[in-house]
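Visitor: give me coordinates for this.
(one chain, ligands or ions: 2)
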Amino acid sequence: MALERTLSIIKPDAVAKNVIGEIYTRFEKAGLKVVAAKMKHLSKQEAEGFYAVHRERPFFNALVEFMISGPVMIQVLEGEGAVLKNRELMGATNPKDAAPGTIRADFADSIDANAVHGSDSLENAAIEVAYFFPATDVFAR
Ligand code: RTP
Ligand code: MG
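Guide: Ligands and ions are numbered 1, 2, ... in the order given. The predicted model follows:
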């Protein structure tokens, strides 16, 4: 497996629940390192741009409104097979379908308020990391 970087967002519901640390612990225990991080209250424009691939989907407006409902914690995770590893830690999009012990099973309330975002491919990871972090703000470790 190759060393990869992926973009992770702790969504407004999980930030409001005060579980940033618990989620970071899961990343660390799985061997993923936080190599960049910032808390941010996204503007509507930033959220729409980030989720532009979903623009035509019926849930797009609800998704954007939810993502701007409060601050989020945005981080770049680095590790062997980081993209898939993070998706495995997150669990299925709908918490009802998420495997026990995953972040969404333990912290998500609904398909909208589903605690975390994670890049779904190495290609999208590079695009998403660059969307939020200039290269100088990502630290090789
Ligand atoms: P994410 O992008 O947030 O990591 O989630 P994901 O890959 O598991 O799911 P994706 O298909 O990319 O959808 C992005 C977010 O939109 C919301 N969604 N709602 N009502 C629906 O059918 C529906 N489908 C997706 C979810 O909040 C999902 O995380
Ligand atoms: Mg996605």
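Visitor: can you name the residues of the chain that neighbour ligand 1?
Guide: 54, 59, 63, 93, 111, 112, 114, 117, 118, 120 (CB under 6 Å from any ligand atom). Where C-beta positions appear, they are placed from N, C-alpha and C, glycine not excepted.
Visitor: which phi and psi does the third one have?
Guide: The reference is to residue 63. Backbone torsions for residue 63, taken as degrees, to the nearest 10, come to phi -60, psi -50.
Visitor: does the residue nearest to residue 141 when sequence neighbours are not counted have beta-bridge partners, and which?
Guide: Distances taken as CB to CB, 6 or more residues apart in numbering put residue 33 closest to residue 141, at 5.2 Å, once the chain neighbours are dropped. In this entry, residue 33 is beta-bridged to residue 78, by DSSP bridges.
Visitor: mind checking how far residue 33 is from ligand 1?
Guide: To ligand 1, residue 33 is 20 Å away according to CB to the nearest ligand atom, to the nearest Å.
Visitor: tell me the confidence at that residue?
Guide: You'll see residue 33 listed with a pLDDT of 98.
Visitor: tally of neighbours for it?
Guide: 16 (other CB atoms under 10 Å).
Visitor: so what's it up against?
Guide: 27, 77, 78, 79, 141 (CB atoms under 8 Å, 6 or more residues apart in numbering).
Visitor: A strand includes the first one, no?
Guide: No: counting by DSSP: H, G, I helix; E, B strand; the rest coil, residue 27 falls outside a strand, being helix.
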